[in-house]
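Enquirer: Compute the structure for the input listed below.
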Amino acid sequence: MDKKTLEFVTYCIVKLSAILNLSQHEVYVKLKNSGILYGYIVPSYDVLHTFSSHYLMEDLTDYMKEKGVL
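Expert: Numbers count the residues shown, from 1 in each chain. Have a look, this model is predicted:
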């Protein structure tokens with residue numbers, strides 16, 4: 001994972017943590033264990049990083065709900 005992708009992943013975890021009222025560690029574990037982190041966020045960085053913050057958070061929370069994480 002390159003630096004830009006790592007920074008983006010960190011941003012997503014921090015924002016989701018605030019929105020979901022969970023610790024950053026809890027969000028990381030949920031994303032990692034569900035496969036969302038390495039199966040969606042990292043490989044889709046090129047597209048996802050162009051989304052607005054609001055749309056990105058909606059997209060990720062909706063996907064977490066689909067995967068049964070939330």
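
Enquirer: which SSE is the residue most central in space within the chain in?
Expert: When CA atoms, centre = their mean is applied to the chain, the residue found nearest the centroid is Cys12 (4.6 Å). Secondary structure assignment for Cys12, by DSSP states H and E: helix 3-20.

Enquirer: what comes into contact with that helix?
Expert: With CB atoms under 8 Å, 6 or more residues apart in numbering as the test, helix 3-20 has contacts from 1, 22-24, 26-28, 31, 37, 41-42, 45, 48-49, 53, 56-57, 60-61, 70. In this view, the C-beta of every residue, glycine as well, is placed from N, C-alpha and C.

Enquirer: Cross these against helices and list the overlap.
Expert: Within the contacts of helix 3-20, membership in helices is found for Gln24, Glu26, Val27, Tyr28, Leu31, Tyr45, Leu48, Ser53, Leu56, Met57, Leu60, Thr61, as judged by DSSP state H.

Enquirer: Please name the residues that touch the fourth one.
Expert: Translated: Tyr28. Shown here is Tyr28, whose contacts under the criterion CB under 8 Å, 6+ apart are Ile13, Leu37.

Enquirer: try 7 Å
Expert: Contacts for Tyr28 (CB atoms under 7 Å, 6 or more residues apart in numbering) come out as Ile13.

Enquirer: Please report the distance of it from Tyr38.
Expert: When distance is defined by CB to CB, to the nearest Å, Tyr28 is 12 Å away from Tyr38.

Enquirer: sorry, back to before: among the contacts of helix 3-20, which ones are buried?
Expert: Under a neighbour-count criterion of 16 or more other CB atoms under 10 Å, the subset of these counted as buried comprises Leu22, Val27, Tyr28, Leu31, Leu37, Ile41, Tyr45, Leu48, Leu56, Met57, Leu60.
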